[in-house]
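In: Here is my input; please provide its structure:
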Amino acid sequence: MTARGWFLFSLMGVVWGIPYLMIKVAVDAPLSPSTVVFTRCALGAVLLLPFALRQGGLTRVVRSHWRPMLAFACIEIIGPWFTLTDAERHLSSSTAGLLIAGVPIVGVLMARFFGDAERLGARRVVGLGLGLAGVTVLTVPHLTGGDARSLAEVLLTVLGYATAPLIAARYLKDVPTLQLTAPCLALAALVYAPAAALTWPSTVPSAQVLASLAGLGVICTAVAFVAFLELIKEVGPTRSTVITYVNPAVAVAAGALFLGEDLTVGIGVAFTLILAGSVLATAGSGPKGDGSEGDGAEGGGSEGGSAKASSSEGSGSKGGARPVAWSTRQTSRADGRVECP
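Out: Got it, this is the predicted structure:
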């Protein structure tokens, strides 16, 4: 990987690992979840819409894909961003970040309902088991402390993050990323505008809180999407997904360094189990030479300056090689967005 590729990889590992810290700072201010989500979506939309409009054809894209785009916006942004933000009023940012790390595991299971024909081998089954064990280690201590609702909200967030890319891969594969993201962020901002207006703080929040809100909208949403597009073009969609396993480590470290959150033995065990489970559960299981894993899967990089949700469907390949169906291994997620190359 080139120096530019390593720079983009390191950047994405950080910018999609710190949203949990910024959300925690905002809700502890305290700001309402509606205010936090509205501000984040509005800033992201304002920054990305000009680029989406510059590509041309935005109105035509929305008109022809409005149904799946609406479903994607609800399942990926409108629902999950609120439930995650509300949950962090009672959970630490480290706990939230680690639970969200289970998205690839849930994605493997959800893909079965969307027609993913890829076989679940022993290695992936073991991965699912390890991931489930990690989530159990992390959640059990909270069940007796009145945090059951918050845990349920995070699990709903995980379900949304795991389902949205499947919708994008099947119904939005021809939509450029910016023209998918910008309208969805704008819609989410409109949805939360009334609730945000009703719960808007009567006094100006502290500089720390304002910086967190700005960071969520500018860095973790707008800049992150642009950087991720460049990362896909630089290293390919398969290698770019490795940031999925870096983000939770950043979330845990940020919570400990800036918020004084405890790094307990339980968090360490859960961290190891969830990440090991994610790696195994999303690993390729096809035979060598079929193109289902390795660098050969990276040929479907972005076109026209945008990353697209890809699905290897249609005509079978010659020479006996089977078509490669879309799988969660081609999905990279970050807080508030799942990218489907």
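
In: just for the chain, where's the confidence low?
Out: 1, 115-120, 141-146, 229, 232-233, 235-245, 278, 281-341 (pLDDT under 70).

In: May I see the buried residues of stretch 207-221?
Out: For stretch 207-221, a neighbour-count test (16 or more other C-beta atoms under 10 Å) marks 209, 212-213, 215-221 as buried. All C-beta atoms are positioned from the backbone trio N, CA, C, and that covers glycine.

In: the helices in the stretch 1-150 of the chain, which residues?
Out: 3-15, 19-27, 33-55, 58-73, 79-87, 93-100, 103-113, 122-143, 148-171 (DSSP state H, counting those that start in this stretch).

In: Residue 175: what secondary structure?
Out: coil (DSSP: H, G, I helix; E, B strand; the rest coil).

In: count of residues packed around it?
Out: Neighbours of residue 175 under the rule other C-beta atoms under 10 Å: 22.

In: got it, and residue 28?
Out: Look at residue 28: counted by other C-beta under 10 Å, it has 14 neighbours.

In: same deal with the one 4 residues further on?
Out: Using other C-beta under 10 Å, residue 32 has 21 neighbouring residues.

In: Check residue 257 too.
Out: Neighbours of residue 257 under the rule other C-beta under 10 Å: 10.

In: Look up phi and psi at it.
Out: Per-residue torsions, residue 257: phi -80, psi -40 (degrees, to the nearest 10).

In: Same check on the one 4 residues further on?
Out: Residue 261 has phi and psi values of phi -70, psi 140 when expressed as degrees, to the nearest 10.

In: Could you find the closest non-adjacent residue to it?
Out: Computed as C-beta to C-beta, 6 or more residues apart in numbering, the closest residue to residue 261 that is not its neighbour in sequence is residue 255, at 3.9 Å.

In: now that neighbour, what's its secondary structure?
Out: For residue 255, the assignment made with three-state DSSP gives helix.

In: Which among the helices of the stretch 1-150 of the chain is found nearest to residue 181?
Out: Distance to residue 181, taken as C-beta to C-beta, is lowest for helix 33-55 among the helices of the stretch 1-150 of the chain, at 6.0 Å.

In: what's the distance between that closest one and the middle of its chain?
Out: Mean C-alpha position of helix 33-55 versus that of the full chain (C-alpha atoms, centre = their mean, to the nearest Å) differs by 16 Å.

In: what's the answer for stretch 121-135, then?
Out: With C-alpha atoms, centre = their mean, you get 20 Å for stretch 121-135.

In: which parts of it are buried?
Out: Applying 16+ other C-beta under 10 Å to stretch 121-135 flags 124, 127-128, 130-135 as buried.

In: What of stretch 16-36?
Out: Within stretch 16-36, the residues that qualify as buried by neighbour count (16+ other C-beta under 10 Å) are 16-27, 29, 31-36.

In: Stretch 264-281 now?
Out: Buried residues in stretch 264-281 (16+ other C-beta under 10 Å): 267, 270-271, 273-281.

In: Can you list which of those residues are found in helices?
Out: Taking DSSP state H, the ones among the buried residues of stretch 264-281 that sit in helices are 267, 270-271, 273-281.

In: Can you lay out those residues as JSON lines showing distance to residue 69?
Out: Listed next are these as JSON lines, based on distance: C-beta to C-beta, whole Å:
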{"residue": "267", "distance to residue 69": "37"}
{"residue": "270", "distance to residue 69": "35"}
{"residue": "271", "distance to residue 69": "35"}
{"residue": "273", "distance to residue 69": "36"}
{"residue": "274", "distance to residue 69": "31"}
{"residue": "275", "distance to residue 69": "32"}
{"residue": "276", "distance to residue 69": "35"}
{"residue": "277", "distance to residue 69": "32"}
{"residue": "278", "distance to residue 69": "28"}
{"residue": "279", "distance to residue 69": "31"}
{"residue": "280", "distance to residue 69": "33"}
{"residue": "281", "distance to residue 69": "28"}
